[in-house]
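Peer 1: Coordinates only, no sequence provided:
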């Protein structure tokens, strides 16, 4: 007789398609495949501040301030505000790291420390700029409150004269005229050079980039000597505001060209390809697509160039010379500027004249701020356009 057929094997727990007894999921997980309580991964919030973060920051600031005051002023033979701030910041970082390590992993502690360091560096830069502006205007407040300081020049005014006599109208006018001419010369050349380097390319473009990078470190005295020997000595151009503007344009040109090149390289290549695919020429692509897209960055390049040229003294001294009278003709007779007025005024040593110098510095700083705000406003995209 044949043996009866064997019965199928019994299904065991853990077989495919069957859950283990008790509804447990895979190994290391809780019921029904969920993680056990207390072990679930939670995403760390990035870019937002929780109550724990704020308490840790302010608590560390207060604790490090107290420790610095006890150790720096009471226990150790140190003094000075600068050293106190340095010690306070170092103790803050150490205390902040210790507090964060109590309830957070190492990666988050490192992230908090780096964030605190970046914010501290930004705060130092901001305070440095703010303190410079406040101190300059505070020292120049005695001169800028007088209306004649902006409407009169220094022709026939002695260094010991009161602030109610004389002014810097000649220096303000000279600065604006010289910078305006320098911008007219350097901006088209600088942007054109950047377009050539980024859009045309080639071996000669690499040579041009090398020359531009080398010119960014050109001393201002050499720019003044170059214009003096070329325009004034060789070509017979009169020492004037135009010659000074040419010297300033030599200083501004490499800054504008290099900054514009960096900005144009950031423009996505897909925009160029889309324009060319629609049948536009390379020139129209650059004029209608690349340059409008990079307009905010080009405005920043212009601001950097103006900031380099507006405070130069040596090129103006060599090519134009100082004067005390008002002159609005950039092609005839010397034309003063605010930096040159400040430089030449230090030779007097008079207290009244020193107040005039601080007033001139305040006006120069105000001009830079106004130009910066104006350039940024003009560089914004027009409404309804991307």
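Peer 2: Structure received. Here the structure is a predicted model, which is why all the values come from computation and not from measurement.
Peer 1: What are the neighbouring residues in contact with residue 286?
Peer 2: Applying C-beta atoms under 8 Å, 6 or more residues apart in numbering, we find residue 286 in contact with 195, 199. Quick note: C-beta positions are derived from backbone N, CA and C, even for glycine.
Peer 1: Which single helix of the protein contains the most residues?
Peer 2: As assigned by DSSP state H, the longest helix anywhere in the chain is helix 106-139.
Peer 1: Packing partners of it?
Peer 2: Packing partners of helix 106-139 (3 or more C-beta pairs under 8 Å, 6 or more residues apart in numbering; DSSP states H and E): helix 51-68, helix 81-101, helix 351-379.
Peer 1: Highest mean neighbour count out of those?
Peer 2: Per residue and on average, the most neighbours among the helices and strands packed on helix 106-139 fall to helix 351-379, with a mean of 17 (mean count of other C-beta atoms under 10 Å).
Peer 1: Compute the inter-axis angle for that helix and helix 106-139.
Peer 2: For helix 351-379 against helix 106-139, the angle by axes from the mean of the first three to the mean of the last three C-alpha atoms, to 10 degrees is 130 degrees.
Peer 1: circling back: would you format the helices and strands packed on helix 106-139 as a markdown table with mean pLDDT and distance to residue 192 included?
Peer 2: Formatted as a markdown table, these follow (pLDDT from 0 to 100; distance: least, C-beta to C-beta, whole Å):
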| stretch | mean pLDDT | distance to residue 192 |
| --- | --- | --- |
| helix 51-68 | 84 | 49 |
| helix 81-101 | 85 | 46 |
| helix 351-379 | 84 | 18 |
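Peer 1: Pipe the ones you listed into TSV and attach distance to residue 327 per row.
Peer 2: Formatted as TSV, those follow (distance: least, C-beta to C-beta, whole Å):
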stretch	distance to residue 327
helix 51-68	55
helix 81-101	45
helix 351-379	17
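Peer 1: Surely residue 227 is in contact with residue 245?
Peer 2: No: counting by C-beta atoms under 8 Å, residue 245 is not a contact partner of residue 227; they are 9.3 Å apart.
Peer 1: neighbour-wise, which of those two wins?
Peer 2: residue 245 (31 against 25; other C-beta atoms under 10 Å).
Peer 1: Any chance of the backbone angles for the more buried one?
Peer 2: Per-residue torsions, residue 245: phi -60, psi -40 (degrees, to the nearest 10).
Peer 1: Can you tell me the closest non-neighbouring residue to it?
Peer 2: Distances taken as C-beta to C-beta, 6 or more residues apart in numbering place residue 181 nearest to residue 245, at 3.6 Å, with adjacent residues excluded.
Peer 1: That neighbour is in contact with residue 242, isn't it?
Peer 2: Yes: with contact defined as C-beta under 8 Å, residue 181 counts as touching residue 242 (6.4 Å).
Peer 1: hey, what's in contact with both of the two?
Peer 2: In contact with both residue 181 and residue 242: residue 330, using C-beta under 8 Å, 6+ apart.
Peer 1: Looking at those two, which has the bigger crowd around it?
Peer 2: residue 242 (22 against 18).
Peer 1: Pull the contacting residues for the more buried one.
Peer 2: So residue 242 contacts 181, 330-331 (C-beta under 8 Å, 6+ apart).
Peer 1: What's the separation between it and residue 177?
Peer 2: 9 Å (C-beta to C-beta, to the nearest Å).
Peer 1: Residue 73 too?
Peer 2: Applying C-beta to C-beta to residue 73 and residue 177 gives a distance of 54 Å.
Peer 1: quick one: which of the two has more around it?
Peer 2: In this view residue 73 and residue 177 are compared by other C-beta under 10 Å, and residue 177 has more residues nearby, 20 against 11.
Peer 1: mind checking which helix or strand the more buried one is in?
Peer 2: In this structure, residue 177 sits in helix 169-195 according to DSSP states H and E.
Peer 1: what residue ranges in the protein are flagged as low confidence?
Peer 2: The chain contains residues with pLDDT under 70 at 1-49, 379-386.
Peer 1: And it, what are its domain boundaries?
Peer 2: In terms of domains, the chain is parsed into 51-139, 151-379 (source: automatic domain parsing).
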